[in-house]
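> have a look; sequence and predicted model below, questions after that.
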Amino acid sequence: MAEICPETPADEPEVEALYDLCFAPGRTALSSYRLREGVARVAPLCLVLRSEDGILKAAIRYWPVRVADQPVLLLGPIAVHPTAQGEGLGALLMRDSLARARDLGWSRVLLVGDAPYYNRFGFAKLEDVEMPPPTNPDRVLGLELVAGAWVGVGGEVERAPEDARRAAPAGECVTIPEP
Ligand SMILES: CC(C)(COP(=O)(O)OP(=O)(O)OC[C@H]1O[C@@H](n2cnc3c(N)ncnc32)[C@H](O)[C@@H]1OP(=O)(O)O)[C@@H](O)C(=O)NCCC(=O)NCCS
């Protein structure tokens, strides 16, 4: 069995180490990090997946951003430990976190990533949404958690204002059969 839990401060060093392992050096210099700097994460949606022996296998984080003054969830980073990739853990974290996001009342999600992977979760290219340069527009993908939530919402992605923080319950752990 494995467990998906909200990330706690005690998890943070391991999560950062996992991201360092999975992404190229300089990941925090990416344009998407300018939207995250100094902005609190959406804590109940930042999840860690540990195997029964407590080993961190995967992690996902979300930040709040704004497009056309509308609240948007920025998904990422998501990473699965190289020794566990391709076993469905990424999909488990995607589906679990998106269900939590829907339950918390979020309507739309944005990410920068490979469409061939994220299409399976319902993400599609956002034609009218601009990430800070340099971002390949083909990698700017969106998902509607509420039907029509991206219709008419376009323009530059902006940092969330201070009051974007939502009081939300921390969320619970779920136990899952390990793939
Ligand atoms: C991308 C990632 C999160 C996927 O998680 P995972 O647990 O390995 O993937 P899953 O087991 O859920 O899905 C595996 C499937 O996704 C496909 N896939 C994985 N990464 C892909 C990518 N970048 N583009 C297209 N397809 C991809 C695999 O080929 C496999 O396809 P199949 O189902 O047809 O065999 C993980 O591989 C990872 O951490 N990669 C390094 C960090 C990274 O690139 N993060 C995403 C940034 S956008």
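It's in.
> who are the contact partners of residue 112?
32, 76, 131, 135, 139-141 (Cβ atoms under 8 Å, 6 or more residues apart in numbering). C-beta coordinates here come from the backbone N, C-alpha and C atoms, glycine included.
> tell me the centre residue of this structure?
Centroid check for the chain by Cα atoms, centre = their mean gives residue 75 as the closest residue, at 2.5 Å.
> what about the strands in the protein?
Assigned by DSSP state E, the strands in the chain fall at 2-6, 47-51, 56-67, 70-80, 108-112, 124-125, 129-130, 140-144, 155-159, 174-176.
> re the thing from before, now pLDDT, neighbour count and distance to residue 44 too, for the contacts of residue 112, in a markdown table please.
Listed next are those as a markdown table, based on pLDDT from 0 to 100; neighbours: other Cβ atoms under 10 Å; distance: Cβ to Cβ, whole Å:
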| residue | pLDDT | neighbour count | distance to residue 44 |
| --- | --- | --- | --- |
| 32 | 83 | 20 | 21 |
| 76 | 96 | 18 | 16 |
| 131 | 94 | 23 | 24 |
| 135 | 90 | 15 | 27 |
| 139 | 96 | 14 | 26 |
| 140 | 97 | 21 | 25 |
| 141 | 98 | 23 | 22 |
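> nearest to the ligand, of those?
The ligand lies nearest to residue 76 out of those, by Cβ to the nearest ligand atom, at 6.3 Å.
> I'd say that closest one and residue 46 touch.
No. Residue 76 is beyond contact range of residue 46, at 10.8 Å (criterion: Cβ atoms under 8 Å).
> related to what we said a few turns ago, do you know which of the strands of the chain lies nearest the ligand?
Using Cβ to the nearest ligand atom, these put strand 70-80 closest to the ligand, at 3.9 Å.
> how about the closest one: buried residues?
71-80 (16 or more other Cβ atoms under 10 Å).
> what subset of the residues you listed is also close to the ligand?
78-80 (Cβ under 6 Å from any ligand atom).
> name the nearest residue to residue 14, sequence neighbours excluded.
Of all residues not flanking residue 14 in the chain, residue 56 sits nearest, at 4.8 Å (Cβ to Cβ, 6 or more residues apart in numbering).
> and the residue of the chain found nearest the ligand, what's its pLDDT?
Closest contact between the chain and the ligand, by Cβ to the nearest ligand atom, is at residue 90 (2.2 Å). We have a pLDDT of 98 for residue 90.
> coming back round to it: contacts only, for the residue nearest to the centre of the chain.
Residues in contact with residue 75 (Cβ under 8 Å, 6+ apart) are 60, 62, 97, 109-111.
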